[in-house]
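A.B. asks: Build the 3D model from these lines:
(chains A and B)
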Amino acid sequence: MSNRLSGPERRETILSAAQGLFARKGFHGVSIDEIARAVNVSPAILYRHFDSKQALYEAVLEKFSGQRQSYVDTIVNHGTRFEDALAGMTQVYIKNIAQNPDILRIELHSLLEGNPATHAFFQNRWKSFTDYIEFGLNEYLPYDLPDREKIILSAGLMFQGMVREVLIQKCLQPQDRLIDLSLHELSHELVNLFLHSIGINKTQLSRKATISD
Amino acid sequence: MSDFDSELDASGLNCPLPILRAKKAIAAMDAGQTLKIIATDPGSVKDFEAFCKQTGNTLKSSGEEDGKFVFMIEKAA
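C.D. replies: Predicted structure coming up:
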């Protein structure tokens, strides 16, 4: 590799190599020396761009958050019906991961490693869904429903687990038995199952479950 | 005299809820009126820029106050 890269180019090269290594081996499985070797620079040069392995790791996450697809299009173009917006958001999210499965690999490593920075980062990404579902159900479910709060919290968790699992099965470990279903089709079916399971069907939703102030 | 007509506190909420609630609040307002939105999600800065670009409403200001993000949006005619 040429040593004549500009500062920003060098930084990008390091980030991209670090992303791949962290995704394959997790935070603790990679050393600064290994990342430096991957981009043919000395650790001293790497430290000129990033103070520590943790800083480099956080910069990788920062890059992901810059690439986060916004849900603004979904809300502006799909109307405000609960099910339409939820389906639209899900498509945006899975497309983003399908394009860059390293995000999911790093998330799974971080679950085992317990790195506080990543924990907060990924929790925040899922919060878009769990917040949305909590607000939607708060509007929709009858106020006198027993265990209302528990149902609302569990529904958010159910959705998160469902979407994360389909991404694992389709993006990380392609399964033969799911080969005929695209990621798009699968997530569409799952969103429908989810809506059904929380006791609402599409016609009811269209009439009742929009989110208001 | 206040410089806005309605206020929406979306503190603690992640995208797309602040956008969704702003969209609803704006729908209930008259053209030329201003909505003040308070949010805590750092992503909301970009989101409200995109929202205004797409809806034609005017983002009169976008700033940070006491660690919160404050937006003023004027409804388009």
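A.B. asks: C-alpha from now on. contacts and neighbour counts both.
C.D. replies: Fine.
A.B. asks: May I have the secondary structure class of the residue of chain B at minimum distance from chain A?
C.D. replies: As assessed by Cα to the nearest Cα, chain A sits closest to residue B:14 within chain B, at 5.0 Å. For residue B:14, the assignment made with DSSP: H, G, I helix; E, B strand; the rest coil gives coil.
A.B. asks: so who does the closest residue to chain B within chain A touch?
C.D. replies: With Cα to the nearest Cα as the measure, residue A:128 is the residue of chain A nearest to chain B, at 5.0 Å. Neighbour list for residue A:128: B:13, B:14, B:15, B:16, B:17 [criterion: Cα atoms under 8 Å, 6 or more residues apart in numbering or on different chains].
A.B. asks: Phi, psi for it please.
C.D. replies: Backbone geometry at residue A:128, expressed as degrees, to the nearest 10, gives phi -60, psi -40.
A.B. asks: Need the pLDDT of it.
C.D. replies: Residue A:128 carries a pLDDT value of 90.
A.B. asks: Ok, residue A:51 next?
C.D. replies: pLDDT at residue A:51 comes out at 95.
A.B. asks: Backbone torsions only: list them for it.
C.D. replies: Dihedral angles (degrees, to the nearest 10) for residue A:51: phi -70, psi -30.
A.B. asks: burial count for it?
C.D. replies: 10 (other Cα atoms under 10 Å in any protein chain shown).
A.B. asks: try residue B:15
C.D. replies: 26.
A.B. asks: before we move on, what about the one 10 residues further on?
C.D. replies: Number of residues near residue B:25 (other Cα under 10 Å) recorded here: 16.
A.B. asks: With the one 3 residues further on instead?
C.D. replies: Other residues near residue B:28 come to 8 when the count uses other Cα under 10 Å.
A.B. asks: which residue ranges form the helices in chain A?
C.D. replies: A:7-25, A:32-38, A:43-49, A:53-67, A:72-77, A:82-99, A:102-113, A:116-140, A:148-167, A:183-197, A:202-208 (DSSP state H).
A.B. asks: which residues touch the residue of chain B closest to chain A?
C.D. replies: A:124, A:127, A:128, A:131, B:41, B:44.
A.B. asks: Neighbours of the second one, how many?
C.D. replies: The tally of other residues near residue A:127 (other Cα under 10 Å) stands at 17.
A.B. asks: ditto for the first one
C.D. replies: The local packing of residue A:124 (other Cα under 10 Å) involves 14 other residues.
A.B. asks: Not counting sequence-adjacent ones, nearest residue to it?
C.D. replies: The shortest distance from residue A:124 to any non-neighbouring residue, by Cα to Cα, 6 or more residues apart in numbering or on different chains, is to residue B:14 (7.8 Å).
A.B. asks: what's the pLDDT at residue B:48?
C.D. replies: So, for residue B:48, pLDDT stands at 94.
A.B. asks: isn't it right next to residue B:19, touching?
C.D. replies: Yes: applying Cα atoms under 8 Å, one finds residue B:48 in contact with residue B:19, separated by 7.1 Å.
A.B. asks: Residue A:159 versus residue A:185, what's the distance?
C.D. replies: Going from residue A:185 to residue A:159 by Cα to Cα, to the nearest Å gives 16 Å.
A.B. asks: Show me which of the two is the more surrounded one.
C.D. replies: Neighbour tally, residue A:185 and residue A:159, criterion other Cα under 10 Å: the higher count belongs to residue A:159, 20 against 12.
A.B. asks: hang on, the more buried one packs against residue A:192?
C.D. replies: No: with contact defined as Cα under 8 Å, residue A:159 does not reach residue A:192; the gap is 11.1 Å.
A.B. asks: Report the beta-bridge partners for residue B:9.
C.D. replies: Listed beta-bridge partners, residue B:9: residue B:38 (assigned using DSSP bridges).
A.B. asks: wait, doesn't it sit right on residue B:38?
C.D. replies: Yes: counting by Cα under 8 Å, residue B:9 touches residue B:38, with 4.8 Å between them.
A.B. asks: for chain B, what spans make up the helices?
C.D. replies: Along chain B, the segments classed as helices by DSSP H run B:17-27, B:44-55.
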